[in-house]
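Asks: What follows is a predicted structure for the sequence shown.
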Amino acid sequence: MAHVLVTGGVRSGKSRYAESLLSIDDPVSYLTPGYPADPLADAEWAARVAAHQLRRPAVWRTVETLALADAVAEAPGPVMIDCLGTWLTRMLDSWQAWDAEAPEWSHRLADESSSLVNAIREHKDDVIVVTNEVGWGVVSEYRSARLFADNLGRLNQQVSAACDQVFLMVAGRPLSL
């Protein structure tokens, strides 16, 4: 059993590498929290989703959900989560948090994050988690960008602490941390 976090920038090869850590012959619960409610509203996003779906082995089961902790807890075998950045975005969207004051939603995010971390820790099979690495540049002048980077950074630290291994993807190559 391995609990692994794979992080990196956009198009760094995170998902492909994470998928390679799992057997193509075993059933995997592939948890996808970030798909928009209407993928047809964004053709480029729909194309990304389709490319990911085509890559998956037929024995892998796709579960589209924001209830990641429940999905991890209920999964009968290996789990892959792709990705925490899109999960956070969808959660903040659902709470209309981008312009709201943090106290209105921060406790909800803390509860959701804690539940997810506990579900990962307690899962008795492989859990591979993909996330984005953000905040390596200047602090954004935009509140929404700061909100996202700060909260994803905290979430990544929490999930990392629940994992046995962390890989940073750079130009398609995994660096073990």
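Replies: Now that the structure is in, tell me what you want to look at.
Asks: I'd like to know which elements the one helix or strand Arg108 maps to is packed against.
Replies: Using DSSP states H and E, Arg108 falls within helix 106-122. Other helices and strands packing on helix 106-122, by 3 or more Cβ pairs under 8 Å, 6 or more residues apart in numbering; DSSP states H and E, are helix 68-74, helix 84-94, helix 143-161. Bear in mind the C-beta positions are built from the backbone N, C-alpha and C, glycine included.
Asks: For the shortest one, buried residues please.
Replies: Read it as helix 68-74. For helix 68-74, burial by neighbour count (16 or more other Cβ atoms under 10 Å) applies to 68-69, 71-73.
Asks: So what touches it?
Replies: By Cβ atoms under 8 Å, 6 or more residues apart in numbering, the residues outside helix 68-74 that reach it are 29, 31, 33, 63, 65, 79, 81, 87, 112, 115-116, 118-120, 122-123, 127.
Asks: what's the angle from the lowest-mean-pLDDT helix or strand in the chain to helix 84-94?
Replies: Least confident helix or strand, the chain: helix 43-55 with a mean of 74, by mean pLDDT, DSSP states H and E. Put simply, helix 43-55 runs at 130 degrees to helix 84-94, going by axes from the mean of the first three to the mean of the last three Cα atoms, to 10 degrees.
Asks: How far away from the center of its chain is helix 43-55?
Replies: When distances are taken as Cα atoms, centre = their mean, to the nearest Å, helix 43-55 is centred 16 Å away from the chain's centroid.
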